[in-house]
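> Kindly return the folded structure for what I paste below:
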Amino acid sequence: MTTDDTNTKPVRDDFTPSTKAKLALRANYRCSYTGCGIATSGPSDEGAERSISIGEAAHITAAAPGGERYDPEMTPAQRKHISNGIWMCKIHARLVDVDASAYPVTKLHNMKIEHEARIKLEMTGLRPGPKVFDFIAIGPSVVFVGELVAIEQKIWSFRVEHFVIGDLTELITYIEQFDAIDSYDKFVLVNELGDGRELSNAPSWAKSGDNCLISVPITASVPKIDVNRLPMDLALGDDHDLLFVNGGIARVSGLDALPQKIKTCLSMSQGESWFAPSFGTRIREYTVDFFGSPWLPRLIKLEVIRMAAIPYSDSLGISPPVPPLRCVRIVKAIDQIDSKGQDGWFKFRFQLDIEGLGEWTSEIPIFISRDL
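I've put the predicted structure just below:
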């Protein structure tokens, strides 16, 4: 253990004053804790030039051994980097340490991403509110920030805060042309739920004051299979090519096949396969406008939900429609942990609820072509 020369306490990898100032500015000097958003600086009664501050640049992973969420694999430079910090009021900075098990690293990173993205929206004149910041997709061309406001029998209802992809005109076109749309494009995906459904009929929308409300008729959830029953597949090595063992092609099945299944499903862009043009994800399209933004992991989460919840039928109709990731019950979180990539492969952290296993976390590389 590295210690200070003057005492036996571990050396802390504290943020520099410059890093603290940048964290505060990016948060607009407001607490990043979900649902708080309180101003952390303001005027003092002690004088016209005096101010008070209740803000704190909190470490996501602890600055020293023994602290909450301390990661011994991180370097001192990584611990004191701005990416390891979150701006909070003193009350919530204390809370996330006192109840550390309720606030894992992923959850705090998501809080920070959501708060900073909300500030960006406000700077454009939008008012997303302190609590509403969920991504919802209806079909392939409409994604909006909003909230789930009602669940009735076979109907989900949402309030739209702001369209991210598409607009109200795009939604109306989707409703009017619903009967002619490919059945694989009839879906709703909800980031907050980590789940989605096929649509049984066209959505409807209405205005209520200043709000746009959307209702979607849904079908029942598709049954999941135990992860241990995932069928055998050819194994891929770290170079993403076929893996040979003892002169033969290696095979994987069950839980061992899951990371590879996620990698191959998400790495294929829609339209890339001549035999299955509708199969694949829209991740490549999303990177054009959102690569490097905190919104990209949210959009990718929508695609993982689609792969887990929406049945796909091959063009030959040989097998019944099933979701490609049919053992995934709930998509809890997707985090991009590599922004530079290697030969087009970018690493993401997946936190999923798996049938037959429970909560499961893994870091998996996804191929993202930046060429369109």
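
> May I have the secondary structure class of Y286?
helix (DSSP: H, G, I helix; E, B strand; the rest coil).

> Break this protein into its domains for me.
Domain assignment for the chain by automatic domain parsing gives 17-123, 134-217, 227-367.

> As TSV, those with distance to P10 would be great.
Where C-beta positions appear, they are placed from N, C-alpha and C, glycine not excepted. Below are those laid out as TSV (distance: least, CB to CB, whole Å):
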stretch	distance to P10
domain 17-123	4
domain 134-217	37
domain 227-367	26
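
> weakest of these in terms of mean pLDDT?
Among the domains of the chain, domain 227-367 carries the lowest mean pLDDT, at a mean of 84.

> Distance from that domain to the middle of the chain?
Distance of domain 227-367 from the chain centroid (CA atoms, centre = their mean, to the nearest Å) equals 14 Å.

> and the gap between P311 and D238?
32 Å (CB to CB, to the nearest Å).

> Which one's more surrounded, these two?
P311 (16 against 7; other CB atoms under 10 Å).

> Just give me the neighbour total for the residue nearest to that one when sequence neighbours are not counted.
Distances taken as CB to CB, 6 or more residues apart in numbering put P321 closest to P311, at 3.6 Å, once the chain neighbours are dropped. Neighbourhood size, P321 [other CB under 10 Å]: 14.

> Tell me where the stretch 101-250 of the chain has helices.
105-123, 168-176 (DSSP state H, counting those that start in this stretch).

> Dump those to JSON lines, plus distance to R326 and mean neighbour count.
Formatted as JSON lines, these follow (distance: least, CB to CB, whole Å; neighbours: other CB atoms under 10 Å):
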{"stretch": "helix 105-123", "distance to R326": "24", "mean neighbour count": "18"}
{"stretch": "helix 168-176", "distance to R326": "26", "mean neighbour count": "15"}
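
> so what's the residue nearest to P311 up against?
Residues in contact with P321, defined by CB atoms under 8 Å, 6 or more residues apart in numbering, are 311-313.

> Against R349, how distant is it?
29 Å.

> Against I334, how distant is S362?
11 Å.

> hey, what's in contact with both of those two?
349-350.

> More neighbours: which of the two?
When S362 and I334 are compared for neighbours, I334 comes out ahead with 26 against 12, by other CB under 10 Å.

> beta partners of the more buried one?
Beta-bridge pairing of I334 under DSSP bridges involves F350.

> Is it in contact with P297, as I believe?
Yes. The pair I334 / P297 is scored as a contact, 4.9 Å apart, by CB atoms under 8 Å.
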